[in-house]
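Asks: no sequence on hand, only this structure:
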């Protein structure tokens, strides 16, 4: 299996990029994963200079066709770490208190990820869902990655399908498509030699089972490490194959693996982050490949420089994700604490993209009037 040097920026010969651009430019109505073969998509991932600008412009024209061209959508949400909120004790706010505070600040979604501590009973996976959704009417809970779902099923002695039905009956609305990494077993073994990342077949099975259970999910890619352009294309094809079978993905989120987040065994190897060129090309290709299958491309704003976020929003991405409210009762209860996207910054980002911020629900619908966050009435 061929791997690249860590985050090496792999560009493609101009003639290969030119031919691939012609293939997607000349028949924009035929976009989607089958518009090009694997070599063609990999060539576009290596676009640079004027060809990169043409690729991003094409991706943005597709965005304008499949989403509201004038809007930058966002969701008001709060993150919880399963480990933290399952261990709340005397002197801590209750989980219901944290939920109530988040809703009072405007949140329509709670996102909870992370494993349940081994010393707690498996029933806590379900109890946490019941407590969160019971604390506020109409709140959407987006929780538990594939490894956590498998853990809950194994510790409960039931199938993944039965465990997911229990979670859904308790109030779970959707599951994060994180822990996908790159859907290639060699890559996953390189990033997680301890076996903490489930095999590709297992991850796919859990996500498809969740979709069949009536739960929707995000689709993700963790890029910018040892995977090659060909493996990025294969990953996207796997996700889009799932979408063809289930229709359960609401959005695609591409996240760079930052050096500060690599596992300990890779610290000496991870000497760089993905380049801006790669990030732009990948988001543009993802927009073109997903046309007709996944409408929304979300920018992982917490993991990218502000200028890169701006470029992605002019290169195919339509959604900024969540505001990630911290609240005051226990700001450290969730991952990425301290990375709140305030309304003024959101408005500025939208203005630079030539768009207006528009609040959405987790499923990209309009929130109820009483749940809408007040935004300044400005136009870009």
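Replies: Looks like it arrived, so ask away. From a predicted model like this one, the values you see are computed outputs, not experimental measurements. Numbers count the residues shown, from 1 in each chain.
Asks: which ones are touching the residue nearest the centre of the chain?
Replies: With distances taken as Cα atoms, centre = their mean, the residue of the chain nearest its centroid is residue 253 (3.4 Å). Taking Cβ atoms under 8 Å, 6 or more residues apart in numbering, we find residue 253 in contact with 177, 218, 219, 220, 221, 297, 298, 300, 321. Using the backbone N, CA and C atoms, a C-beta is placed for each residue, glycine as well.
Asks: separation between the third one and residue 197?
Replies: Per Cβ to Cβ, to the nearest Å, residue 219 is found 16 Å from residue 197.
Asks: one step back: most neighbours among the contacts of residue 253, which one is it?
Replies: Counting neighbours by other Cβ atoms under 10 Å, residue 219 comes out on top of these with 29 neighbours.
Asks: strands along the stretch 101-250 of the chain, start to end?
Replies: Remark: strands assigned in the stretch 101-250 of the chain by DSSP state E, counting those that start in this stretch are 109-113, 140-143, 174-175, 216-223, 249-256.
Asks: out of those, flag the one nearest residue 150.
Replies: Minimum separation from residue 150 across these (Cβ to Cβ) falls at strand 174-175, 11.8 Å.
Asks: what packs against the closest one?
Replies: Strand 174-175 makes packing contacts with strand 140-143, strand 216-223 when contacts are defined by 3 or more Cβ pairs under 8 Å, 6 or more residues apart in numbering; DSSP states H and E.
Asks: neighbouring contacts of the first one?
Replies: Applying Cβ under 8 Å, 6+ apart, the set of residues contacting strand 140-143 from outside is 77, 82, 108-113, 128-129, 132-133, 167, 171-176, 361-363.
Asks: make a PyMOL selection of whichever of these turn out to be buried.
Replies: Applying 16 or more other Cβ atoms under 10 Å to those, the buried members can be selected in PyMOL as follows:
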select buried, resi 77+82+108+109+110+111+112+113+128+129+132+133+167+171+172+173+174+175+176+361+362
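Asks: which stretches in the stretch 251-380 of the chain count as helices?
Replies: 276-289, 306-313, 343-352 (DSSP state H, counting those that start in this stretch).
Asks: most packed of the ones you listed?
Replies: Compared across the helices of the stretch 251-380 of the chain, helix 276-289 shows the largest average neighbour count, a mean of 25 (mean count of other Cβ atoms under 10 Å).
Asks: by contact count, what packs against that one?
Replies: Judged by 3+ Cβ pairs under 8 Å, 6+ apart, helix 276-289 is in contact with helix 38-45, helix 49-66, strand 216-223, helix 229-246, strand 249-256, strand 296-299, helix 306-313.
Asks: that helix: how far from the chain's middle?
Replies: The chain centre lies 15 Å from the centre of helix 276-289; the measure is Cα atoms, centre = their mean, to the nearest Å.
Asks: do the same with stretch 352-370
Replies: Mean C-alpha position of stretch 352-370 versus that of the full chain (Cα atoms, centre = their mean) differs by 17 Å.
Asks: buried residues in that stretch?
Replies: For stretch 352-370, a neighbour-count test (16+ other Cβ under 10 Å) marks 352, 353, 355, 356, 357, 358, 359, 360, 361, 362, 367 as buried.
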